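Participant: Based on what follows, work out the 3D shape:
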Amino acid sequence: MRHVPFFRWVLTLGFVLCACAVGLYAVGSNLPDARQIDLTVLDEKPDGSCRVRWFDPYQKRAREAPYRCDPGRSDLLKAPQYSGSDGYGWESGFLLTEGPERGNLEDLATEQDLGCADVFLLLGMPLIALGLIGGNLRALPRVVGVQSRLIRQASDLSQAATWAAQEYERAVSAVREAGRHDVLPRDAAGDPGSPLVTALWVLREAGPQARETAALGRKLASRLHRLLDDAAPAAGLRSMLQAGPAARSSAAQAAAELRLLLADAERDGLPERFAQTSVDLLRGQDADRAALAAATDFARDPAAYRHLLARLTQPAALP
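Facilitator: Reported below is the predicted structural model:
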C-alpha cells in the first residue's frame with residue numbers, strides 16, 4: 001500500500017492560495033486613483049481624530065471634513081507649534097481623482113481592513129509551512145532506510161557470481177559440443193589443434209575448484225537476486241519515498257539479510273574466487289596459444305583428459 005501524500009496536498013493548497021493573493025494584488029483593489037495633497041488641521045484630538053480643510057479642484061472651493069490624522073507625527077506639525085499665524089496644524093492626505101467620489105479625501109481607515117488577497121495570503125503561508133515541515137518530518141524515516149551502497153555491493157557480488165557460473169557452463173558446453181564432432185587422440189602424437197583437447201585444457205587450468213565455485217555462484221546469485229528484488233525500494237531516495245509501509249518493511253529485512261551475506265562472502269573471499277574463476281575459464285579465447293598449450297599438456301597426461309571427458313559427458317556434470 002502506497003502512502004497518502006497528505007502534506008504534499010497541504011503544500012499545494014498553500015501555494016494555490018498564495019498565487020491567488022499575488023493575482024489579486026497584481027490586479028489591484030479597484031480603488032480610484034488618488035494624489036497626495038496638503039491638509040490644514042483645524043482641530044485635533046490626542047487620539048488622532050481631527051477636522052481638516054483642503055481645496056477641492058473639481059468643485060473649485062475649500063472644503064472641510066473629519067479625518068484621521070497621524071497622532072505620532074512631529075509636534076512641530078501640530079498647532080500651535082506649526083509655523084503660521086493662524087494656529088492650525090498640518091497633515092497630508094490623498095484626494096480621489098476619479099469616479100463619483102472624486103474631490104473627496106481617501107478614507108485611510110478602510111485600508112486597514114483585510115481584503116481577499118490578505119486573507120488568501122494569511123491562509124496560504126501557514127499551509128506552506130505546515131506542508132514543508134510535516135512532509136520533511138514524515139519523509140525522515142523513509143530517507144533513513146536508504147541503503148544505496150549496500151544494494152550496489154550486493155548487485156556487484158551477484159553479477160560476479162553469475163559470471164563465474166555462466167563461464168563454467170560455457171566451458172562445459174564447449175567440451176560437449178566439441179565431443180560431438182571430435183574424439184580424443186589415441187596418443188600424445190595426435191592432432192595438436194583438437195578443439196576437444198583445447199576445451200578440456202581450459203577446465204583443467206581452472207582447476208577442480210572451478211566446479212565448486214560455479215555451483216556456489218549459482219546458488220548465491222539466486223539468493224541475492226531474490227533479496228535484491230525485495231530490497232529495491234532501499235536502493236535510492238526517490239524509490240524509498242514512493243514505497244509504502246509494507247514495501248519499506250520488506251526492504252529493511254532484505255537489506256539486513258544482504259548485509260549478513262556480504263559479510264560472509266567477504267570473510268570467505270568469494271568475490272576474489274568468482275573473479276579468478278571467470279578469468280581462468282576465459283583462457284581459451286586466445287585460440288592459437290590455447291591450442292598449443294593444450295597439446296603440450298595432453299601429451300604429458302592424456303589419461304587425465306580422458307577421465308575428465310568421461311566425467312563431463314555424464315548427465316550430472318553441471319553443478
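Participant: just the helices in the stretch 101-250 of the chain please.
Facilitator: Counting by DSSP state H, counting those that start in this stretch, the stretch 101-250 of the chain has these helices, from start to end: 116-144, 148-181, 195-206, 209-230, 237-242, 245-268.
Participant: mind checking which of those helices is nearest residue 294?
Facilitator: Between residue 294 and those, the tightest spacing by C-beta to C-beta is seen for helix 195-206, at 3.4 Å. Heads up, the C-betas are built off the backbone N, CA and C, glycines and all.
Participant: hey, C-alpha coordinates of the closest one in CSV?
Facilitator: Extracted in CSV, the C-alpha atoms of helix 195-206 (Å, rounded to 0.1, in the frame of the first residue of the first chain):
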residue,chain,number,x,y,z
PRO,A,195,39.1,-28.4,-30.2
LEU,A,196,38.1,-31.1,-27.7
VAL,A,197,41.6,-31.1,-26.2
THR,A,198,41.6,-27.3,-26.0
ALA,A,199,38.2,-27.2,-24.4
LEU,A,200,39.3,-29.8,-21.8
TRP,A,201,42.5,-27.9,-21.2
VAL,A,202,40.5,-24.8,-20.2
LEU,A,203,38.7,-26.7,-17.5
ARG,A,204,42.0,-28.3,-16.3
GLU,A,205,43.6,-24.9,-16.0
ALA,A,206,40.7,-23.6,-14.0
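Participant: picking that back up, could you dump the helices of the stretch 101-250 of the chain to JSON lines with mean pLDDT and mean neighbour count?
Facilitator: Listed next are the helices of the stretch 101-250 of the chain as JSON lines, based on pLDDT from 0 to 100; neighbours: other C-beta atoms under 10 Å:
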{"stretch": "helix 116-144", "mean pLDDT": "72", "mean neighbour count": "15"}
{"stretch": "helix 148-181", "mean pLDDT": "87", "mean neighbour count": "18"}
{"stretch": "helix 195-206", "mean pLDDT": "84", "mean neighbour count": "22"}
{"stretch": "helix 209-230", "mean pLDDT": "91", "mean neighbour count": "18"}
{"stretch": "helix 237-242", "mean pLDDT": "63", "mean neighbour count": "16"}
{"stretch": "helix 245-268", "mean pLDDT": "84", "mean neighbour count": "16"}
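Participant: Now tabulate these in CSV and tack on distance to residue 297.
Facilitator: CSV is the format used below for the helices of the stretch 101-250 of the chain (distance: least, C-beta to C-beta, whole Å):
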stretch, distance to residue 297
helix 116-144, 57
helix 148-181, 15
helix 195-206, 6
helix 209-230, 16
helix 237-242, 51
helix 245-268, 30
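Participant: Out of these, which gets nearest to residue 292?
Facilitator: Proximity to residue 292, assessed across the helices of the stretch 101-250 of the chain by C-beta to C-beta, is greatest for helix 195-206 (9.4 Å).
Participant: Perfect, that will be all.
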